[in-house]
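Asker: One predicted model, sequence on top.
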Amino acid sequence: MKIGRNQICPLCNSGKKYKKCCGNPLLNAATSSSSFPPSRVSSESSKILERMEADELIRRQQQGLGRGIIATKFQGRQLVAVGNTVYHSSKWKTFPDFLSDYLKMTLGEAWGNSEISKPIEDRHTILQWYHKYCEHQKAHHDGTDNVKSMPATGLVYCYLGLAYNLYLLKHNVDLQLRYIERLKDINNFQGAYYELIVANCLIRAGFRLQLEDESDEMTKHCEFSAVSGKTGKIYWVEAKSRAVASMLGKSTKNGTTNKDPTCMLSKHLNNALLKPASGERLIFIDVNTGFEDGATPAWIEKAGTKLDMKEKDLKAGQTAYVFVTNIAYHWNLDSAKVGAVILAHGLGISDFAKKGYFRLSEIYRRKQRHIDAYDMMAAFADYPKLPETFDGSLPSDAFDGNSKRLIIGGTYFFEGVGEEEGLTATVTSATVAEHEKRMYIGTDKGQILIRPISDAVLADYRSHRDVFFGVLHRQGKTAKNEYEFYEDLVEIHMAYPRENLLRLTEKWSDAEELQKLSHEDLVLEYCERISLAVIGNNWRQDQPSTKST
């Protein structure tokens, strides 16, 4: 978002370098020699900054809160910087194209060729995925060089997800040799694979990671520590995954045949709590079982019961944020109906992810007190969330030559409007009717124009609806439950001036008491009453502890 000092000034179109124009702090914007009055410069600057902010939000929604993708085109080749290494190829048109090759380059050509020389059933799990991934690509290739989409199955998420995990670690922290060696060793593959999934989610959620030195065998330690970019809190992270015979390279010698997904939960939890930690703990335990589409998995209740039982024998002061996950993509390689499930539990933490009935405002306050854990849950629910473009632009903009996204405030020529050949107008408002697959466009000419949209454009709109039109412009959405409705109201009303809220509540019976509240407490109280008036006076059960995709 920073404007380069030697860049031609984008704020006033003077043709001068930014440092000698609007970027010069000594410049008198009101000088009579200026071609543009200050009001116009200010207006144009605001529009540019608003567009830049919207584009940055789109990039973050695609790439997360970690270090952004660094890439550029040069002489027909795509360049991508990962940490301190630059990779390039003329074949990469999408970011997944790069990821596919990045995994090969990272693991090494010699090791890959050695595995490929074996029968498929004897190959390392990664090379088995690679074989099926190549077949998947061929099945959906149209014989041209055009960018072609293909179904996102469990196989795609396993293979490209692993590549993205390695990329994120190298780009944001450092890809230590021990992860590469552990991945190649089939006996250690599953543990390293799950740790990388956890690292991916932490990085995308805005945490800064510090990998622990596993060469120090004199002391026990967690996998890594994580510092929240939002709160600054330091967490010590431990990740364990249930080993199951015939899955992820395990056999009956080092994997269980027990059908209960929670059979290793207590053991993993106890071992994690034995590790020393100078900060708060984040403990991740994967049950490694098949994905159950459309229903709450049976293991959720059993896991919750075991965690409740553990509460009874905790040592004094022993607490942890515990996340029991099921990243089941490798169980359903050929299916698109796969996903991730996460159960959260505050071990020794009384106000996080506990069952009960609470006021909407109390649920909100609890979420803010434990916002890092909620951000972590959201990142897990989105795993692996693979970016498609190198620059954070929308796929429909980057790959669909017939698509041209409209920007509110932009001026366009609309063909087939009016009696003449078309209409030149500035877009003042826009929205999408999803069920109709149409866009409704308001213009400065007083007309409402209707345009059809493609499936690709509709998909991008659904992913980035509030900034799709180049400005922060809240689009209507349906809340999934009472709390989401309430939280949306709070987000809107936090920006309201206090005087406006007091005016809205001045005729309430307890108006004098409301005037004594802080602005935040006033907003929470006001929005709660409005919510209950809409959804009925029905205190909802607090169940933010489980998420699935």
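Answerer: Thanks, I have it.
Asker: Report the buried residues of the helix or strand encompassing His88.
Answerer: His88 is part of strand 85-89, with elements assigned from DSSP states H and E. By neighbour count on 16 or more other CB atoms under 10 Å, the buried set for strand 85-89 is His88. Placement of C-beta: from N, CA and C, glycine included.
Asker: Determine the set of other helices and strands touching whichever helix or strand comes after that strand.
Answerer: Remark: after strand 85-89, the chain's next helix or strand is helix 95-107, criterion DSSP H and E. Under the contact criterion of 3 or more CB pairs under 8 Å, 6 or more residues apart in numbering; DSSP states H and E, helix 95-107 touches strand 77-82, strand 85-89, helix 125-139, helix 154-172, helix 177-184.
Asker: ok, the strand holding His88: who's next to it in the sheet?
Answerer: Each strand that pairs with strand 85-89, with its direction, by DSSP bridges: strand 77-82 (antiparallel).
Asker: thinking again about what came up before, now render the helices and strands packed on helix 95-107 as JSON lines, adding mean pLDDT.
Answerer: As requested, those are exported to JSON lines (pLDDT from 0 to 100):
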{"stretch": "strand 77-82", "mean pLDDT": "96"}
{"stretch": "strand 85-89", "mean pLDDT": "95"}
{"stretch": "helix 125-139", "mean pLDDT": "94"}
{"stretch": "helix 154-172", "mean pLDDT": "96"}
{"stretch": "helix 177-184", "mean pLDDT": "91"}
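Asker: Could you look up the SS state of Ala479?
Answerer: Classification of Ala479 by DSSP: H, G, I helix; E, B strand; the rest coil places it in coil.
Asker: was I right about it contacting Ser531?
Answerer: No. Ala479 is beyond contact range of Ser531, at 9.7 Å (criterion: CB atoms under 8 Å).
Asker: returning to that earlier point: of the helices and strands packed on helix 95-107, which is nearest Leu360?
Answerer: Closest approach to Leu360 among these (CB to CB): helix 154-172, 34.9 Å.
Asker: Look at Ala479 and Ser531 and report which has more neighbours.
Answerer: Shown here are Ala479 and Ser531; by other CB atoms under 10 Å, Ser531 has more neighbours (22 against 14).
Asker: Would you mind writing the CA trace of the helix or strand containing the more buried one as CSV?
Answerer: Per DSSP H and E: Ser531 is located in helix 519-535. Taking C-alpha atoms only, helix 519-535 is exported to CSV below (Å, rounded to 0.1, in the frame of the first residue of the first chain):
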residue,chain,number,x,y,z
HIS,A,519,-19.3,3.2,24.6
GLU,A,520,-18.6,-0.5,24.1
ASP,A,521,-20.9,-1.6,26.9
LEU,A,522,-23.6,0.7,25.5
VAL,A,523,-23.2,-0.8,22.0
LEU,A,524,-23.4,-4.4,23.4
GLU,A,525,-26.5,-3.7,25.4
TYR,A,526,-28.3,-1.8,22.6
CYS,A,527,-27.5,-4.5,20.0
GLU,A,528,-28.6,-7.3,22.3
ARG,A,529,-32.0,-5.7,22.9
ILE,A,530,-32.4,-5.1,19.2
SER,A,531,-31.4,-8.7,18.4
LEU,A,532,-33.8,-10.1,20.9
ALA,A,533,-36.6,-8.0,19.5
VAL,A,534,-35.9,-9.5,16.1
ILE,A,535,-35.2,-13.1,17.0
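Asker: which residues are contacting it?
Answerer: Residues outside helix 519-535 that contact it (CB atoms under 8 Å, 6 or more residues apart in numbering) are 359-361, 364-365, 482, 485-486, 489-490, 493-494, 496, 498, 501-502, 504-505, 514, 517, 538.
Asker: same check, this time on stretch 496-515
Answerer: Applying CB under 8 Å, 6+ apart, the contact partners of stretch 496-515 are 493, 519, 522-523, 525-526.
Asker: Reformat those residues into CSV and put neighbour count and pLDDT next to each item.
Answerer: Shown next, in CSV, are the contacts of stretch 496-515 (neighbours: other CB atoms under 10 Å; pLDDT from 0 to 100):
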residue, neighbour count, pLDDT
His493, 18, 93
His519, 13, 96
Leu522, 19, 97
Val523, 23, 96
Glu525, 19, 96
Tyr526, 22, 96
